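Peer 1: Just to be clear, the model below is a prediction. Sequence and coordinates:
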Amino acid sequence: MPKRYLFFVNQPYSYSILRPLQEEIRRRGDQAAWFVAGCSTAPLKEGELHLKSVREVMAYQADATFVPGDWVPYFFPGIKVEVFHGMARNKRGHSSEDESDHYRIRGWFDLYCTHAEKDTAKFKALASELGHFAVSHTGWPKLDPLFAQGVPGRRSRQPDEPPVVFFASTFSRSVTAAPALLRKIGELAGSGRWKFIVTLHPKMDPAIVSEYRQLAGENLRFVESDEDLMPILPRADVMLCDTSSIMFEFMFLERPVVTFRTKMPGPYLIDVEEVEEVESALQKAVTYPAELMAQTRRLCQELHSFNDGASSQRVLDAVEHFLSHEQGRLKRKPLNLLRKLKVRRRLKRELLRMV
């Protein structure tokens, strides 16, 4: 009998994380369905099964629910599988070895699918201590299409073709570069020396988003926040960023990243403090400095253990192993009555937002 899997989507970025899993599920002859609470359903594609109510979810009776966030309705059928919304690195600049110290184990998940050796070791230590969840070192499904696209490195372009800069910015006022770089990006695109692909966080100030949309033209493409960025990233030669975690995803292409006043500095970045330093930093980046690229590759190895594009396979194998061999051996989860009440209220609130 085919297995049934559910995707719990609460943020627009979840779609690109979960679609590689859907592809592997279908390849195995199993079924996948989507339940969206709190964000747009517009990215859903024809042929994707959309469960529109809790009643439909309960009737679907999934064997497992995959979650790229930090919460999930505990009463949904099947096991709950955490696949994470990003790689284990946070905006305080801590590396993956520190991330699970800051990750709160709230008792929602049965299985954590981790990305790198250090965060796997940390989560396994927590699993041994608490006893009510399991951990599997699988890699991150979102990166599968990136690795499948071919050999990383310099993008092939014509001698007279300007370099393409992918500009991505997070929304937090304390770290976002979008307002400060608006005029500079418009100027650089208008000069014809550079082309830009621009995307902004879904929670970005709508006024800033509108101003960047207005810059769209021959040398600047604006990408809406609900579009899948994985097929678009390889079209850029360099990334310009602030403290958005997408910079780490781009690095797996083995291409350079320039940051503006980042809160996550390191030898794998060219970071600048002033707007007028941006173009010279981009010019340096597109020469692919040897030490910069060596540090980039080193960081990628730290953040993610696999580059074979098969993380979705490992995740599903881990779920099957859990269902067959581990599920009955775990301790019961904490009762968490207050947290469960809050989850029910949150789910109701998120669904009302969509009405």
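Peer 2: Sure thing, it's come through.
Peer 1: ok, which stretches of the stretch 151-300 of the chain are helices?
Peer 2: 178-191, 206-214, 246-251, 278-285, 290-303 (DSSP state H, counting those that start in this stretch).
Peer 1: what comes up buried for the second one?
Peer 2: Taking 16 or more other C-beta atoms under 10 Å as the neighbour-count basis, helix 206-214 is seen to contain the buried residues 208-209, 212. C-beta here means a position set from N, CA and C on the backbone, and glycine is covered the same way.
Peer 1: would you turn the residues you listed into TSV with pLDDT and distance to residue 187?
Peer 2: Formatted as TSV, the buried residues of helix 206-214 follow (pLDDT from 0 to 100; distance: C-beta to C-beta, whole Å):
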residue	pLDDT	distance to residue 187
208	96	17
209	96	19
212	98	13
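Peer 1: so where's the stretch 151-300 of the chain shaky on pLDDT?
Peer 2: For the stretch 151-300 of the chain, applying pLDDT under 70 flags the ranges 151.
Peer 1: what about residue 119, distance to residue 303?
Peer 2: Using C-beta to C-beta, to the nearest Å, residue 119 is found at 9 Å from residue 303.
Peer 1: okay, the two: which has more neighbours?
Peer 2: residue 119 (28 against 23; other C-beta atoms under 10 Å).
Peer 1: and that one, helix, strand or coil?
Peer 2: helix (DSSP: H, G, I helix; E, B strand; the rest coil).
Peer 1: What segments of this structure are strands?
Peer 2: Shown for the chain, the strands assigned by DSSP state E span residues 4-9, 31-36, 49-50, 64-67, 79-82, 111-114, 134-137, 164-169, 195-200, 220-223, 238-241, 257-260, 270-272.
Peer 1: Columns distance to residue 179 and mean neighbour count on top of the ones you listed, output as CSV?
Peer 2: Formatted as CSV, these follow (distance: least, C-beta to C-beta, whole Å; neighbours: other C-beta atoms under 10 Å):
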stretch, distance to residue 179, mean neighbour count
strand 4-9, 29, 24
strand 31-36, 30, 21
strand 49-50, 36, 14
strand 64-67, 32, 25
strand 79-82, 34, 23
strand 111-114, 35, 27
strand 134-137, 40, 22
strand 164-169, 9, 25
strand 195-200, 11, 22
strand 220-223, 16, 19
strand 238-241, 14, 26
strand 257-260, 11, 24
strand 270-272, 16, 19
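Peer 1: okay, those in a markdown table with distance to residue 350 next?
Peer 2: Formatted as a markdown table, the strands of the chain follow (distance: least, C-beta to C-beta, whole Å):
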| stretch | distance to residue 350 |
| --- | --- |
| strand 4-9 | 10 |
| strand 31-36 | 9 |
| strand 49-50 | 15 |
| strand 64-67 | 14 |
| strand 79-82 | 17 |
| strand 111-114 | 23 |
| strand 134-137 | 28 |
| strand 164-169 | 25 |
| strand 195-200 | 22 |
| strand 220-223 | 25 |
| strand 238-241 | 29 |
| strand 257-260 | 32 |
| strand 270-272 | 36 |
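Peer 1: mind listing what residue 252 touches?
Peer 2: Residue 252 makes contacts with 143, 146-147, 152, 300, 304, 307, as judged by C-beta atoms under 8 Å, 6 or more residues apart in numbering.
Peer 1: try it again with 10 Å
Peer 2: 87, 140, 143, 146-147, 152, 233, 296-297, 299-300, 303-304, 307 (C-beta atoms under 10 Å, 6 or more residues apart in numbering).
Peer 1: I'd like to know how many residues surround residue 108.
Peer 2: Residue 108: 20 neighbours (other C-beta under 10 Å).
Peer 1: measure the residue lying closest to residue 9 once chain neighbours are set aside to residue 6 for me?
Peer 2: Leaving aside its chain neighbours, residue 9 sits nearest to residue 36 (4.5 Å; criterion: C-beta to C-beta, 6 or more residues apart in numbering). From residue 36 across to residue 6, the span is 11 Å (C-beta to C-beta).
Peer 1: Find the residues that touch each one of those two.
Peer 2: Jointly contacting residue 36 and residue 6 under the rule C-beta under 10 Å, 6+ apart are residue 51.
Peer 1: which residue ranges form the helices in the stretch 1-150 of the chain?
Peer 2: 14-27, 54-60, 96-102, 117-130, 144-148.
Peer 1: Send me the shortest one as PDB with only the CA atoms.
Peer 2: Extracted C-alpha coordinates of helix 144-148, given in PDB (Å, rounded to 0.1, in the frame of the first residue of the first chain):
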ATOM      1  CA  ASP A 144      19.100  18.500  -4.200                       C
ATOM      2  CA  PRO A 145      18.200  20.500  -7.300                       C
ATOM      3  CA  LEU A 146      21.200  22.800  -6.900                       C
ATOM      4  CA  PHE A 147      23.600  19.900  -6.800                       C
ATOM      5  CA  ALA A 148      21.800  18.200  -9.700                       C
END
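Peer 1: ok, and for it, which residues are buried?
Peer 2: Those would be 144-147, for helix 144-148 by 16+ other C-beta under 10 Å.
Peer 1: Please apply the same query to stretch 276-290.
Peer 2: For stretch 276-290, the neighbour count (16+ other C-beta under 10 Å) marks 278-279, 281-282, 285-286, 288 as buried.
Peer 1: Count the residues that sit near residue 323.
Peer 2: Using other C-beta under 10 Å, residue 323 has 17 neighbouring residues.
Peer 1: Is it correct that it is in contact with residue 5?
Peer 2: No - Residue 323 is beyond contact range of residue 5, at 11.3 Å (criterion: C-beta atoms under 10 Å).
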